[in-house]
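Student: from the sequence below, what's the structure:
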Amino acid sequence: MDSEHDKQQYAAGARPVLEGSDIARVLTRIAHEIVERAKGADDVVLLGIPTRGVFLARRLADKLAEITGRKIPVGSLDITMYRDDLRMHPPRALARTEIPGDGIDGRLVVLVDDVLFSGRTIRAALDALNDIGRPRAVQLAVLVDRGHRELPIRADYVGKNLPTSLRETVKVQLAEEDGRDTVLLGAKRISPDAQQ
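Tutor: The predicted structure follows:
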């Protein structure tokens with residue numbers, strides 16, 4: 001986890017590409033797109049990928065409820081043990097998987113994440129989902145698609161397509177976790193060890 005000093009340093013050198021009002025607007029647009037494509041969202045289940053994907057899924061569920069007049073089931077899907085990079089990084093704490101009471105079998109599951117990058121997180125999410133049940137279909141909603149895919153994965157709903165270089169990094173901050181809503185684009189920090 002970044003220290004508070006690192007977060008402030010990062011924020012100082014990064015520029016915002018989405019602010020709170022932009023995030024609210026794109027989530028409203030995504031909710032309308034889901035209702036349109038799902039023909040009313042009767043069988044939609046939203047599953048957020050921890051951490052920020054869960055907050056985005058809850059916000060989307062609220063927007064869908066406003067549009068449809070019905071409560072939309074929302075949960076979370078921890079992918080930690082399905083990642084293909086477990087050996088390459090320090091151990092990470094497991095998050096919670098919470099599947100709504102009616103389950104996912106035969107339902108349209110919309111996975112929700114903050115940033116789509118290589119596609120490996122979504123591959124892990126699909127593996128985790130496979131162990132839980134058999135949805136009718138699976139779709140993907142992301143706040144930001146920054147490109148650089150390593151796997152043939154594409155989002156069905158995108159808040160903002162943000163072309164980036166590999167020397168840049170995208171940081172999503174949400175009020176529930178970070179105290180404010182913003183998406184920052186900045187230069188990737190290179191540790192002193194990596195420069196030697």
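
Student: nearest residue to the middle of this structure?
Tutor: Ranked by distance to the mean C-alpha position of the chain (C-alpha atoms, centre = their mean), the top residue is residue 113 at 1.0 Å.

Student: who's in contact with the residue nearest to that residue when sequence neighbours are not counted?
Tutor: Leaving aside its sequence neighbours, residue 113 sits nearest to residue 53 (C-beta to C-beta, 6 or more residues apart in numbering; 4.1 Å). C-betas here are computed from N, CA, C, even on glycine. The contact partners of residue 53, by C-beta atoms under 8 Å, 6 or more residues apart in numbering, come to 76, 111-114.

Student: give me phi/psi at residue 53?
Tutor: Main-chain torsions, residue 53, degrees, to the nearest 10: phi -60, psi -30.

Student: quick one: low-confidence parts of the protein?
Tutor: For the chain, the stretches with pLDDT under 70 are 1-12, 86-92, 190-196.

Student: which parts of it are strands?
Tutor: Using DSSP state E, the strands of the chain run over residues 15-19, 44-48, 74-76, 108-116, 137-145, 157-161, 168-173, 182-187.

Student: the residue nearest to the centre of the chain against residue 123, yeah?
Tutor: No - the criterion here is C-beta atoms under 8 Å, and residue 113 misses it with residue 123 at 12.0 Å.

Student: and the helices in this structure?
Tutor: Per DSSP state H, the chain carries helices over the ranges 4-13, 20-37, 52-68, 120-132, 175-178, 192-195.

Student: pick the most deeply packed of these.
Tutor: Sort the helices of the chain by mean neighbour count, taking mean count of other C-beta atoms under 10 Å, and helix 52-68 sits at the top with a mean of 21.

Student: quick revisit: can you tell which of the helices of the chain is closest to residue 45?
Tutor: Residue 45 lies closest to helix 52-68 among the helices of the chain, at 9.6 Å (C-beta to C-beta).

Student: quick one on the thing from earlier: what's the closest of the contacts of residue 53 to residue 101?
Tutor: Nearest member of the contacts of residue 53 to residue 101, counting by C-beta to C-beta, is residue 76, at 14.1 Å.

Student: and the closest one, what does it touch?
Tutor: 47-50, 53-54, 57, 95-98.

Student: narrow those to those that are buried.
Tutor: Neighbour-count burial (16 or more other C-beta atoms under 10 Å) applied to the contacts of residue 76 gives 47-50, 53-54, 57, 95, 97.

Student: turn the residues you listed into TSV, columns for distance to residue 177.
Tutor: As requested, the buried ones among the contacts of residue 76 are exported to TSV (distance: C-beta to C-beta, whole Å):
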residue	distance to residue 177
47	18
48	12
49	13
50	10
53	11
54	9
57	13
95	12
97	18
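
Student: now, among those, which is nearest to residue 31?
Tutor: Nearest to residue 31 among these is residue 57, at 11.2 Å by C-beta to C-beta.

Student: the closest residue to that closest one other than its chain neighbours pairs with what?
Tutor: Leaving aside its chain neighbours, residue 57 sits nearest to residue 48 (3.1 Å; criterion: C-beta to C-beta, 6+ apart). With DSSP bridges as the criterion, residue 48 is bridged to residue 76, residue 112.
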